[in-house]
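# Build me a structure from this.
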Amino acid sequence: MTTTIRMLAATAALAALTLPTQAAAEIPPAIQAMIDAAIESGDPDKVAIVFELAKQTNPDDVDSLDALKAEYDAQQQKLAASEAAAKQAEIRNAGLFQNWTGQGELGAFRSTGNAQNTGVTVGLALTRDGINWRHKLNGRADYQESNGVTTREQFLVAYEPNIKLSDRLFAYALGQYERDRFQGFSSRYSASGGLGYDVIVEDDMHLSIKAGPAWRRTELIGGGSSSNLAGLAALDFDWTVTDGITLTQAANALIQSGSSTYISDTGVQAKIAGDFSVRVSYSVEHDTNPPAGSVRTDTLSRITLIYDF
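Coordinates of the predicted model:
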């Protein structure tokens, strides 16, 4: 739908500017041909450059060129409005399983700390953007088996909906499940809700932060469990350093009495072909008071192949 509207609007814009209006009639044919070619390219920056050059080389036609440029700008505004309306209509009419984008991840890892080995890592990240709502679903599994014995088994699933309160401010909710025998727990459930803010929103850089109260329940491998109120603080940073190379940083802290958890994941992602990328990352997880027999700090180095869809 959006593509069709764009094509129709672009055609209308070109037709309107190539009609024998009074402004166009006063412009030399060679200059008009250059302007028509720039408009047909669909590149607004190119159109602006051509108009500027035309005014510099044809000072007697500045008024006519300005009038034609005003017609073009008006058509561009109509085109932008049509695209925005089409996008909103598409979002509003989308079904439950539509408008999801994401990444699938498959690779290997090497760990130090509670376990020292290499193994397989699988990840999936999904995002669904609405007009005011955004839904995020993430899952990851790290698994290693050596000589028939499992030496690492770590699973994480998280769901986060958030709603926009302004252009940058949003409210979030978070539900998360973890399992990691080598950190001493069979299950760990976390729930949180609070406010977030998009600190940087640029084409090549994005930084968001969030914080709020949280609740966490931990069920230990050796038996027993605990439930605690906590506070959650997190940040998510992406920076496209050059075309095809992106630096990512995700960090969060869940602070509670007894045992707090701090996690940092730093990665570099590079495009290799089409929708495929390769990512190298380094994760650190630190528990201030882990279960007996577990060390406080776990590290994980990964190299993975990513597919964007």
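# Going by C-alpha atoms from here, please, whenever you check contacts or count neighbours.
Will do.
# in the stretch 1-150 of the chain, which spans are strands?
Using DSSP state E, counting those that start in this stretch, the strands of the stretch 1-150 of the chain run over residues 100-112, 117-129, 133-146, 149-164.
# Any idea how far the longest one is from the middle of the chain?
Going by Cα atoms, centre = their mean, to the nearest Å, the spacing between the C-alpha centre of strand 149-164 and its chain's C-alpha centre is 18 Å.
# relative to strand 117-129, how tilted is that strand?
20 degrees (axes from the mean of the first three to the mean of the last three Cα atoms, to 10 degrees).
# which other helices and strands contact strand 149-164?
For strand 149-164, the helices and strands in contact under the criterion 3 or more Cα pairs under 8 Å, 6 or more residues apart in numbering; DSSP states H and E are strand 133-146, strand 169-180.
# okay, the angle between the first one and strand 117-129?
Spelled out, it's strand 133-146. For strand 133-146 against strand 117-129, the angle by the same axes, to 10 degrees is 170 degrees.
# quick one, strand 133-146 and strand 100-112 angle?
Using the same axes, to 10 degrees, the direction of strand 133-146 lies 30 degrees away from that of strand 100-112.
# Residues contacting strand 133-146 from elsewhere in the structure, which ones?
Residues external to strand 133-146 that are found in contact with it (Cα atoms under 8 Å, 6 or more residues apart in numbering): 117-129, 150-164.
# Likewise for the last one?
With Cα under 8 Å, 6+ apart as the test, strand 169-180 has contacts from 152-165, 185-198.
# out of those residues, which are buried?
152-164, 185-198 (16 or more other Cα atoms under 10 Å).
# before we move on, the earlier item: pipe the strands of the stretch 1-150 of the chain into CSV and attach mean pLDDT per row.
Output for these, formatted as CSV (pLDDT from 0 to 100):
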stretch, mean pLDDT
strand 100-112, 84
strand 117-129, 88
strand 133-146, 89
strand 149-164, 90
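# Nearest to Ser277, out of these?
For the strands of the stretch 1-150 of the chain, distance to Ser277 was read as Cα to Cα. The smallest value, 9.5 Å, belongs to strand 100-112.
# Please tell me how far that closest one is from the chain's geometric centre.
Centroid separation between strand 100-112 and its chain, computed with Cα atoms, centre = their mean, is 16 Å.
# Would you mark the buried spots in stretch 40-60?
In stretch 40-60, residues buried by neighbour count (16+ other Cα under 10 Å) are Val47, Ala48, Val50, Phe51, Glu52, Ala54, Lys55.
# How far off centre is it?
When distances are taken as Cα atoms, centre = their mean, stretch 40-60 is centred 35 Å away from the chain's centroid.
# Excluding its own residues, what touches that stretch? List them.
Outside stretch 40-60, the residues touching it (Cα under 8 Å, 6+ apart) are Ala10, Leu14, Ile31, Met34, Ile35, Ala38, Ile39, Asp61, Val62, Leu65, Lys69.
# Could you list the domains of this structure?
Domain ranges of the chain: 2-92, 100-308, per automatic domain parsing.
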